[in-house]
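Student: Fold the following and give me the result.
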Amino acid sequence: MMIRKETALSVLLGISLATVSLNSNACFTVIVGKNASATGEILVGHNEDNDGRIMSNQYYVPPAKHKAGEKLVYEAGAAKIPQVALTHGFWWQQTLHPSGYSFSDGFYNDKGVLITSNNCNLTIEKDEKTKDGGIGYGIRRLVAERANSARDGVNLIIDLVGKYGYRHQGRTYTIADKNEAWQVALLKGGRYLARKVGDNEMTVMSNAFSLGKVDLNDKANVLYSPDLVQHAIDKGTYKPAKAGDYSDFNFREAYQLPARIEADRNTVRVQTALKHLTGEKIDNPHEFPTSLVPKDKLTPADVREIIRLTNPWDERPTGWYHEYFKDPSNGGTFDSAVYVLSADPRLSYTWRTSGRPDSQFSYPQFMMAGPAAAQSYMTPEEGTEAQFRSKPEQFDYTPDRTVFTFINHQNILDWNQKALKDFPK
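Tutor: Residues are numbered from 1 along each chain as shown. Prediction:
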């Protein structure tokens, strides 16, 4: 028994040490349009990155009927949102944290709509107001419950932030289905910019806005707040080269603070992916492309290779291979997936890794088949209650909780770099 306790303690210390320098609510995302995909299906690769005190559970929440007058309450202080009469069933990957995380869960619903997000904090909008506390966690949960398509999900988000205002300084949501993939950048208060990823395009983003110059006249594929440009002009962060001509408007430059754009933890991850894809390193993060057309069509395995990359430039002298937060697969990555969005939502699947993808095997998962019982230790109802009202014992170390099997494995590899090097790729 003493050996088990010491092992558990060393594991938890390993988690803490390996992630001590990480900011929570980070991420790394790759989106591939259906004509840029070797399978003809939209592909979304996503690493969910957070600090070490995470319990990761998976659920299937069935369709449900709701009573009239029912209100949804998520974070303390957030707006109370009226529930609709009928909600879709959905697969839910939960990020359970003692303080309650609003922006890290992943969802895929019965209609084939996927939603994830990337933290794009540090914007010019930190002082913007919300109504009744605004909306945060509800964005992704309500898309899962209500959206019939990716486009429907985009419209729902625009409607929600218009009614309640958005609580976070800045995030980019990925919303995708079998036909379309959208990036929706939200700003505190409720301004937004949404762009459909072109069918022949792909995108790569870490934790600064990837939406830079976009065609504001492309009404079919670009949606934005009516005052988005004028607000930036009023704030002094954008001045058109020619009065009245906004073709040079750059959303990232107008709304993201340079400290975020230029942070090495963001720039190096994107540089790593772009170098892998194009053979070139773009040194200036202000020149990162909104999207690119890949030279070759990408397979799900290609996307997995991108999200499991480590950068080739850093020396790693401390003994912890993932000490620095400058790799797509980094010390904070606790869930990693490549989603393949098929025509029939029941046949959509993911290559999932419960941990860092460069240190773990990926396993196939059909979301609508529901997760295995061992992938959670709570019911969906208990999980929902715990999201912002957790109990200390829900974070106890126990070998019976599957998440620790993966944590133990990757932490052993992290300090044994010879074993990591020999780990099958």
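Student: Now do the phi/psi pair for the nearest residue to I42 once chain neighbours are set aside.
Tutor: Nearest residue to I42 in three dimensions, chain neighbours excluded: L341, at 4.6 Å (CB to CB, 6 or more residues apart in numbering). Every C-beta, even on glycine, is put in place using the N, C-alpha and C of the backbone. L341 adopts backbone torsions of phi -100, psi 100, taken as degrees, to the nearest 10.
Student: repeat for G138
Tutor: Per degrees, to the nearest 10, the backbone of G138 is at phi -60, psi -20.
Student: mind listing what it touches?
Tutor: 72, 74, 78-79, 81, 160 (CB atoms under 8 Å, 6 or more residues apart in numbering).
Student: ok, the residue nearest to I42 - contacts?
Tutor: L341 is in contact with 41-44, 112, 114, 176-178, 348, counting by CB under 8 Å, 6+ apart.
Student: which one of the residues you listed is nearest A263?
Tutor: Nearest to A263 out of these is V44 (CB to CB; 23.8 Å).
Student: I figured G136 was touching F103, is that so?
Tutor: Yes: counting by CB atoms under 8 Å, G136 touches F103, with 6.8 Å between them.
Student: shared neighbours, these two?
Tutor: H168.
Student: so who does H286 touch?
Tutor: 252-253, 261-262.
Student: Who wins on neighbours among those residues?
Tutor: Highest neighbour count within those: R252, with 22 neighbours (other CB atoms under 10 Å).
Student: how close does that one get to S291?
Tutor: Separation of R252 from S291 (CB to CB, to the nearest Å) stands at 13 Å.
Student: can you list residues touching both of those two?
Tutor: By CB under 8 Å, 6+ apart, no residue touches both R252 and S291.
Student: who's in contact with the nearest residue in space to A147 that is not next to it in sequence?
Tutor: The shortest distance from A147 to any non-neighbouring residue, by CB to CB, 6+ apart, is to G153 (3.6 Å). Listed by CB under 8 Å, 6+ apart, the contact set of G153 reads 113, 115, 143, 147, 175, 182.
Student: Can you name the residues bridging to the last one?
Tutor: Listed beta-bridge partners, W182: I175, K196 (assigned using DSSP bridges).
Student: what's the helix or strand for R151?
Tutor: helix 150-164 (DSSP states H and E).
Student: Can you point out the buried residues in that helix?
Tutor: 150-154, 156-158, 160-161, 164 (16 or more other CB atoms under 10 Å).
Student: How far away from the center of its chain is it?
Tutor: 18 Å (CA atoms, centre = their mean, to the nearest Å).
Student: try stretch 161-174
Tutor: On CA atoms, centre = their mean, the centre of stretch 161-174 falls 14 Å from the chain's centre.
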